[in-house]
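Enquirer: model this:
(chains A, B, C, D, E and F, ligands or ions: 3)
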Amino acid sequence: MRIILLLITGFMAFLPARAFAGETSSLDSGDTAWLLISTALVMLMTPGLAFFYGGMVRRKNVLGTIMHSFMILCAVSIVWVLWGYSLAFGPDIGGIVGSLEWFGLTDIIHENAPAAPTVPHLIFMMFQGMFAIITPALITGAFAERMKFSALLVFSILWVTFVYAPLAHWVWGGGWIGNIGALDFAGGTVVHISSAVAAAAAVMLIGRRKGYLREPMPPHNLTMTILGAALLWFGWFGFNAGSALASGTLAAIALVTTNTAAGTAALSWTLAEWIHRGKPTALGAVSGAVAGLVAITPAAGFVSPLSSIVIGGGAGVLCYFAVSVKPKLSYDDSLDVIGIHGVGGTWGALATGLFASLAINPDGANGLFYGNPSLLKTQAVTVIATYAFVFIVSIIILKLIDWTIGLRVSEEDEFNGLDQAVHGEMGYHFGLGGGGFSPTVHTKAEAISPKPAPVEINKAES
Amino acid sequence: MRIILLLITGFMAFLPARAFAGETSSLDSGDTAWLLISTALVMLMTPGLAFFYGGMVRRKNVLGTIMHSFMILCAVSIVWVLWGYSLAFGPDIGGIVGSLEWFGLTDIIHENAPAAPTVPHLIFMMFQGMFAIITPALITGAFAERMKFSALLVFSILWVTFVYAPLAHWVWGGGWIGNIGALDFAGGTVVHISSAVAAAAAVMLIGRRKGYLREPMPPHNLTMTILGAALLWFGWFGFNAGSALASGTLAAIALVTTNTAAGTAALSWTLAEWIHRGKPTALGAVSGAVAGLVAITPAAGFVSPLSSIVIGGGAGVLCYFAVSVKPKLSYDDSLDVIGIHGVGGTWGALATGLFASLAINPDGANGLFYGNPSLLKTQAVTVIATYAFVFIVSIIILKLIDWTIGLRVSEEDEFNGLDQAVHGEMGYHFGLGGGGFSPTVHTKAEAISPKPAPVEINKAES
Amino acid sequence: MRIILLLITGFMAFLPARAFAGETSSLDSGDTAWLLISTALVMLMTPGLAFFYGGMVRRKNVLGTIMHSFMILCAVSIVWVLWGYSLAFGPDIGGIVGSLEWFGLTDIIHENAPAAPTVPHLIFMMFQGMFAIITPALITGAFAERMKFSALLVFSILWVTFVYAPLAHWVWGGGWIGNIGALDFAGGTVVHISSAVAAAAAVMLIGRRKGYLREPMPPHNLTMTILGAALLWFGWFGFNAGSALASGTLAAIALVTTNTAAGTAALSWTLAEWIHRGKPTALGAVSGAVAGLVAITPAAGFVSPLSSIVIGGGAGVLCYFAVSVKPKLSYDDSLDVIGIHGVGGTWGALATGLFASLAINPDGANGLFYGNPSLLKTQAVTVIATYAFVFIVSIIILKLIDWTIGLRVSEEDEFNGLDQAVHGEMGYHFGLGGGGFSPTVHTKAEAISPKPAPVEINKAES
Amino acid sequence: MKKIETIIKPFKLDEVKDALNELGVQGMTVSEVKGFGRQKGHVELYRGAEYDVSFVPKIKLEIVVSDDLADNVTKTIAETAKTGKIGDGKIFVSDLGDTIRIRTGEHGEAAI
Amino acid sequence: MKKIETIIKPFKLDEVKDALNELGVQGMTVSEVKGFGRQKGHVELYRGAEYDVSFVPKIKLEIVVSDDLADNVTKTIAETAKTGKIGDGKIFVSDLGDTIRIRTGEHGEAAI
Amino acid sequence: MKKIETIIKPFKLDEVKDALNELGVQGMTVSEVKGFGRQKGHVELYRGAEYDVSFVPKIKLEIVVSDDLADNVTKTIAETAKTGKIGDGKIFVSDLGDTIRIRTGEHGEAAI
Ligand SMILES: Nc1ncnc2c1ncn2[C@@H]1O[C@H](COP(=O)(O)OP(=O)(O)O)[C@@H](O)[C@H]1O
Ligand SMILES: Nc1ncnc2c1ncn2[C@@H]1O[C@H](COP(=O)(O)OP(=O)(O)O)[C@@H](O)[C@H]1O
Ligand SMILES: Nc1ncnc2c1ncn2[C@@H]1O[C@H](COP(=O)(O)OP(=O)(O)O)[C@@H](O)[C@H]1O
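Expert: Ligands and ions are numbered 1, 2, ... in the order given. Modelled structure (predicted):
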């Protein structure tokens, strides 16, 4: 398609030039449609994550947990439009960060995206914005059920600004990691490793939940967690196949490897725990699927479907054991951000160094198994650099917040649950089945109306 | 893309004309793909709304509330195909309504859409149909927990025919509102203001829920409401960016302003209640997001991302206070259709008159802040005309129904809940955790089989 | 679009040939975008089905039921990539089955799809893969609440290999059913009839649930079932309109008939039960919608919107009575796979023989009502052949499994519920509202850490 | 000391609680129960199968009071919870041996 | 008057209710409880953490009957609720001081 | 035989259960209840409407024991469930007429 158009362009050189210089002259409507819908798909992942996490906490914290992801979606949407995108993808400053030239986006509204010349700049911006949103949302699994709400908001804004935006710049925005030839198709380092390392920093500073390892803390609603996982899987097609930035064979490859790795990892996690513990669990199956999706993220457009089976299979087993070992180490990464996104993301980044193939993607590179050991080294360097950078800056941000507004809710609030204590709500008022009446609440008359309106008397009482 | 094709067309004038006269000769597959998926996205909004509303009512009415939206989806799907689309978008009759020439769609199946010549007529029809579906569904929030099911069905069909279709014609179908230059990108007046005004009419006629302001009526499942809000946000990308009717820069602009306004409004609502009441609630956050989505709807393709921050921010605060004031006025717009869609929609329509800019969309207009005060006046006229028209016709329809089949369920049915009384079901049978047995029901043997089948005796009783 | 390109191609014959021989030379980015997103939509249907089914079972089996669909999604994803696609769509062997030439897909990664030359082969493969996934998942409704998990996995893999893949080959892959001119736009026989017939076989062999017709077995969470139905409806746009394999008028037609039939069938089911039983139920409404979607599946791209009203209307009524009659026959097709997919699918296949019209789709055929009785005969032959083939092979597979690992869980496991017995989990831990504490569990200290960590004492106890 | 158990209609809970509060009752324990009695249940329909639901949601209150307050309490409940329609519920009165307040270890009436 | 409280297996509820109904018992109150006793619980697994769940779901029935019916009622429950397996549950019988029917204000056996 | 009913804070359940178990108590029945008493509730906010929730979640334990064990049991509960803060709950002790084990038909203390 594009080849044809290029040829036509050349062939018709005698036509007035401005016809081709119009603002959308080289836009491809199919590529644009794919980026538009991919952006919507990736947006849906953050609510998906909210449910994935929300189902795993105790009932008293379901809203608080969902609110973490939801408010990050809201806050980072604004940050990204104002300065985040410009820092990450704006004109490069020394390979380290983008300039603030694109602050507020005013100048780029009618441009095509420099990194994807067949789509509007704004949709590339927003597609990338959805990645910037979900990354801090992933971190919230680590400090679920005890983080202060104000601290969460401040943390997310600072973290996107000082960790995510520079890192995205390094890998995708013209920065040094991209320049040394590291491959990260859709965010293995930028999204998953970085969120897991920040999670580790947060867990160190915020400490364990009260009662951790002494009280039972079973997931209060696994059906909600499964719904979240389903939305994540669905959205991940946009995440990975959308990262092809065009609607063609590369997107198809990424979609296939994504789906295959998710399925394989769910199977391998479930089998591992079936053998190890005697039962294949539903939480294991969806956790495995997410682990597979994490692991294939950096590799999706560089490896073959067969390789994606190996990458997914490895992710399921590795993450299962990472998660199983956690209670023994007795740190409280509550919803296993490290065990899934850290381990899965690292495995995926290295696996890209093993399985990448120029036969799949001529713009990529060959990995170790295709005769090129240097890619694996580059990938490893990237991983380590990401660990170090993210950990240090995350610790600094968290410490600053801890000193000023504090990271953690009071013991009493933690005991009563974030929903009631922080948000003044309850997730569910199931109350009495038939009458629909919840015996736990009554109206504070004065709050609602000066005097109870005596207009209608309920005579129909059953 | 399209420019190129036009050029090619001219250049190749010597080619046989029929090649370009084929039924799909000017279809753009990318634009079509975007409209196809946008239609699906907007369809999903109606179930999303069902959950948004369903979570807010008491447990005893969850199915009844969901059924309102769901049955409207079903009924209006048919109405639209038969006569609705033709009334709204069919050949214009005096700027007032479309003719019935396209009844049943038979004649337009293989055409391109007149309003969007690069996509098939049918997909434009269906995309618009999804708007016609969600609009009456929005109204149902006003009379939730007490509307008669038969009345709901009749009302929706009449309202789409006599209110929605003409109004859509006025604004988008070649009618007078469009002709005077009012801007409504994706339905601020047609969808949101109109549903809110009809809601006000309904609230006046149907009256308050029994026990309103005396009994507590907390939302029974906020996680369901949040799920609904997430689906609404996701679907709104189709609603607003799909309204560009093509897959290009305009769609990208609309998608970005939509997302930004949703995020800003959620933040501003939450902050307002944090300051005003001391706690930021999850219901506030999602209500704010919806308020922002409502407000940006008429403006989405006419304003800059920076303007969308202001529009969203305003929507969150305005709607929060509108909703807070309701109990004091003691009318029972149960799920705040007026407070959110009325206030948010009106603010959005006027804000379009403030922030619209030809630099963003050359097919739009400049607003007050870009030196053109007349647009604001046009917008205000449109708003007032919509108020008047929708209110009068809605009252007439509701009165007619009240006189004939009645609007409201009996007091006893209201007390017992719509689920049990009207639908003969319960939303949840959580019963006993372990055994899965619900002590509330037993099988009416004769209803199921003449005599209880004595074949298998359950010997495995634990 | 494509016509233009063909013309250009001819016109520019003097250009170097290789420009047009490139791997993606004839890809259409819009068609590809539509197939990419359609694939994602159809993927989402399987979790949708999981919720549709999961809400209908008793609480104690909710995870077990969801796991059926979810693990089939995972397992068949791999099977399809390895050998399933090759068997179904690989180079034809005598009209019966595809060869294994495309095992592992290695050779087709950069090709265009033979059946859809404007899209990458891989996305056509994956789109078809999603059909292969949902078909065995549909069957699971028949043996819900009692199937062994290992048996389910083995059954699904064998069934996809020995039933689905050949059948798909017969109809779509160049096999004999396609060759005799039978029409099946999106899988009426391949997906729906085949799953229902396999369901009948399974019901015969596995027998009824303990207590069936003696104990009440009400759906434990209809809101989950409705969510599932909403996701199914949404995904079905990809299923049916995606089956156009291109983003143009045919996709638009299929999308419109799909939506219309769903709405009509929901209405007609609800009306039937309103008249017959006195109440229109929510479960009826969503069951009707699914019945309509099933019935329109084979017809979607061959019939007019008006015909789709008749097809949907018929489906709702027929399936309602099929389902109502089940208890009288006292077989336990637990979630009505036969009543909905069997009856609806058969009605749809025959209705295609009645309503298909060349005026709608020139690549289709005329049906009885358009003067061609032979199509109806062909459709009937196809239906009967599918019945016979699927039933026999399904029985063989099930028998083999029954003899080896057994089909059914122990009576005790069935009594305790699959969630606890098979997966070692509970769907919900709602426990105590306020404290969020579930009195049903306590931590097995040794399992988690050698000695209870005495580090933090919970002093904040309220 | 008396233990008073009463089964009432759910929507009467707040009224009864407030009335008892005014009487000087400072504590009570509430649970959700299902009642079976003269009051009719309802029918549910699921895909053509009909379920006859004979249990009706009720609230159970347990109130421990000193002997001298008992009569007043039962009288107040009987008045406040009454609608005059079938299903208003019952009050059951029985003797209680001892009461202990866990927080302080107090016994008897002081612990109520 | 006697108050009979019984803990039974959930799936026995309908059978017991019907049997008591035939006996002339016209009302009862049901609640969902968790039982701890000789009957084993089960184990749950969440991401490698193991929870030992020792509580088993049970149904509790409260039935107030006149003294002369009491023996028959306990006997009927004991027969109908029996499966012979561990966990069948208990019947507890105690004296009741008074019963009041809220709807009518009746006292004593007339109020049952 | 004594029937001991106790209302405790939910998070104390496991501790109390284990302590009673060590004492030789082999069975008990647990339910979720809402308590109203000196302990304050909380406030909920929904779109500007404020709800004052005065009920607090509690656990109710019912334990039937032989007369000689009763004192020990109440003492153990009183100690284990105590936090010293308002809302720790109550223990109510009453006499029980008879107990029947459904599985065996045994009566009296043997049935406990
Ligand atoms: N004999 C009884 N034992 C225990 N509870 C009873 C008894 N009779 C009635 N109840 C409870 O009282 C409630 C109301 O009784 P019902 O017979 O319906 O109406 P009324 O109290 O007006 O006679 C029942 O739902 C049940 O919970
Ligand atoms: N001492 C007791 N006090 C109160 N409830 C008891 C007591 N012992 C048993 N129960 C109740 O009876 C149920 C059955 O008891 P269990 O010991 O499991 O079996 P069985 O009744 O066959 O001896 C328990 O789950 C519990 O609810
Ligand atoms: N008179 C009473 N009758 C029944 N239950 C009571 C009574 N008083 C208190 N309770 C129960 O005991 C719980 C704790 O009582 P509360 O007054 O809050 O604290 P404390 O036990 O420390 O005095 C209450 O939530 C309620 O469930």
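Enquirer: any idea how far the helix or strand encompassing residue A:254 is from the chain center?
Expert: Assessed by DSSP states H and E, residue A:254 sits inside helix A:249-277. Relative to its chain's centre, helix A:249-277 lies at 18 Å (C-alpha atoms, centre = their mean, to the nearest Å).
Enquirer: tell me if it is near chain B.
Expert: No: Helix A:249-277 lies apart from chain B when judged by C-beta under 8 Å from any C-beta of the partner chain; the minimum separation is 12.7 Å. Quick note: C-beta positions are derived from backbone N, CA and C, even for glycine.
Enquirer: which strands and helices lie in contact with the following helix or strand past that helix?
Expert: Downstream of helix A:249-277, the first helix or strand assigned by DSSP H and E is helix A:282-296. For helix A:282-296, the contact count by 3 or more C-beta pairs under 8 Å, 6 or more residues apart in numbering or on different chains; DSSP states H and E identifies helix A:222-236, helix A:249-277, helix A:305-329, helix A:343-355, helix C:62-79 as packing neighbours.
Enquirer: ok, back up a step: list the buried residues for the helix holding residue A:254?
Expert: A:249-273, A:277 (16 or more other C-beta atoms under 10 Å in any protein chain shown).
Enquirer: in chain D, what helix or strand scores lowest on average pLDDT?
Expert: Lowest on mean pLDDT, DSSP states H and E among the helices and strands of chain D sits strand D:49-53, with a mean of 86.
Enquirer: remind me what that one packs against, helices and strands.
Expert: strand B:442-443, helix B:445-448, strand D:42-46.
Enquirer: so how far is that strand from its chain's centroid?
Expert: 28 Å.
Enquirer: and the stretch 51-200 of chain A, which residues reach chain F?
Expert: Counting by C-beta under 8 Å from any C-beta, no residue of the stretch 51-200 of chain A is near chain F.
Enquirer: residue boundaries of the strands in the stretch 51-200 of chain A?
Expert: A:92-93, A:97-98, A:112-113, A:116-120 (DSSP state E, counting those that start in this stretch).
Enquirer: tell me which of those strands sits most buried.
Expert: Ranked by average neighbour count under the criterion mean count of other C-beta atoms under 10 Å in any protein chain shown, the strands of the stretch 51-200 of chain A are headed by strand A:116-120 at a mean of 24.
Enquirer: neighbours of the closest residue to ligand 1 within the stretch 101-250 of chain A, how many?
Expert: As assessed by C-beta to the nearest ligand atom, ligand 1 sits closest to residue A:220 within the stretch 101-250 of chain A, at 29.7 Å. Counted with other C-beta atoms under 10 Å in any protein chain shown, residues neighbouring residue A:220 total 25.
Enquirer: and for the nearest residue to it once chain neighbours are set aside, the neighbour number?
Expert: Spatial nearest neighbour of residue A:220, excluding adjacent residues (C-beta to C-beta, 6 or more residues apart in numbering or on different chains): residue A:59 at 4.2 Å. Using other C-beta under 10 Å, the number of residues around residue A:59 comes to 25.
Enquirer: my guess is residue A:59 meets residue B:223, correct?
Expert: No: the criterion here is C-beta atoms under 8 Å, and residue A:59 misses it with residue B:223 at 10.1 Å.
Enquirer: need the residues touching each of those two.
Expert: Counting by C-beta atoms under 8 Å, 6 or more residues apart in numbering or on different chains, the contacts common to residue A:59 and residue B:223 are A:221, A:427, A:428.
Enquirer: out of the helices and strands packed on helix A:282-296, which gets nearest to residue A:362?
Expert: helix A:249-277 (9.9 Å; C-beta to C-beta).
Enquirer: so that closest one versus helix A:222-236, what angle?
Expert: Interaxial angle of helix A:249-277 relative to helix A:222-236 (axes from the mean of the first three to the mean of the last three C-alpha atoms, to 10 degrees): 150 degrees.
Enquirer: in chain D, what residue comes closest to chain B?
Expert: residue D:50 (3.5 Å; C-beta to the nearest C-beta).
Enquirer: just the stretch 151-300 of chain A next, same as before
Expert: residue A:224 (6.5 Å).
Enquirer: roughly how far apart are the nearest residue to that residue once chain neighbours are set aside and ligand 3?
Expert: Leaving aside its sequence neighbours, residue A:224 sits nearest to residue A:55 (C-beta to C-beta, 6+ apart; 3.2 Å). Going from residue A:55 to ligand 3 by C-beta to the nearest ligand atom, to the nearest Å gives 30 Å.
Enquirer: phi, psi of residue A:55?
Expert: Backbone geometry at residue A:55, expressed as degrees, to the nearest 10, gives phi -70, psi -20.
Enquirer: for residue 86, give me the pLDDT.
Expert: This is for chain A. Confidence at residue A:86, expressed as pLDDT, is 98.
Enquirer: actually it's chain D I care about, not the one you picked
Expert: Predicted confidence (pLDDT) at residue D:86: the value is 95.
Enquirer: tally of neighbours for residue D:93?
Expert: Counted with other C-beta under 10 Å, residues neighbouring residue D:93 total 21.
Enquirer: hang on, residue D:91 in a strand?
Expert: Yes: judged by DSSP: H, G, I helix; E, B strand; the rest coil, residue D:91 forms part of a strand.
Enquirer: report the contact partners of the closest residue to residue A:298 other than its chain neighbours.
Expert: Spatial nearest neighbour of residue A:298, chain neighbours left out: residue A:188 (2.7 Å); criterion: C-beta to C-beta, 6+ apart. Applying C-beta under 8 Å, 6+ apart to residue A:188 gives the contacts A:294, A:295, A:297, A:298, A:299, A:345, A:348, A:349, A:352.
Enquirer: now with 10 Å, please.
Expert: The neighbours of residue A:188, taking C-beta atoms under 10 Å, 6 or more residues apart in numbering or on different chains as the test, are A:171, A:182, A:194, A:294-300, A:341, A:344-352, A:379, A:382-383, A:386.
Enquirer: distance-wise, check it relative to residue A:346.
Expert: 8 Å (C-beta to C-beta, to the nearest Å).
Enquirer: ok, now residue A:304?
Expert: Using C-beta to C-beta, residue A:304 is found at 21 Å from residue A:346.
Enquirer: neighbour-wise, which of those two wins?
Expert: For residue A:304 versus residue A:346, the count of surrounding residues by other C-beta under 10 Å is larger for residue A:346: 26 against 23.
Enquirer: can you count the residues close to the residue in the stretch 1-150 of chain A that ligand 3 sits nearest to?
Expert: Residue nearest to ligand 3 within the stretch 1-150 of chain A: residue A:60 (17.7 Å; C-beta to the nearest ligand atom). As a burial measure, residue A:60 scores 27 neighbours (other C-beta under 10 Å).
Enquirer: next, count neighbours for residue A:248.
Expert: Neighbour tally, residue A:248, other C-beta under 10 Å: 26.
Enquirer: ok, longest helix in chain D?
Expert: helix D:67-80 (DSSP state H).
Enquirer: quickly check: that one near chain B or not.
Expert: No: applying C-beta under 10 Å from any C-beta of the partner chain, one finds helix D:67-80 separated from chain B by no less than 15.2 Å.
Enquirer: so what does that helix touch, helix or strand wise?
Expert: If contacts are counted by 3 or more C-beta pairs under 10 Å, 6 or more residues apart in numbering or on different chains; DSSP states H and E, helix D:67-80 sits against strand D:2-8, helix D:13-23, strand D:56-65, strand D:90-95, strand E:98-101.
Enquirer: now these as TSV including distance to residue C:148 and mean pLDDT?
Expert: Putting the helices and strands packed on helix D:67-80 into TSV (distance: least, C-beta to C-beta, whole Å; pLDDT from 0 to 100) gives the following:
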stretch	distance to residue C:148	mean pLDDT
strand D:2-8	44	97
helix D:13-23	46	93
strand D:56-65	38	95
strand D:90-95	48	97
strand E:98-101	51	96
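Enquirer: shouldn't the residue of the stretch 1-150 of chain A closest to ligand 3 be in contact with residue A:209?
Expert: No: counting by C-beta atoms under 10 Å, residue A:60 stays clear of residue A:209, with 11.8 Å between them.
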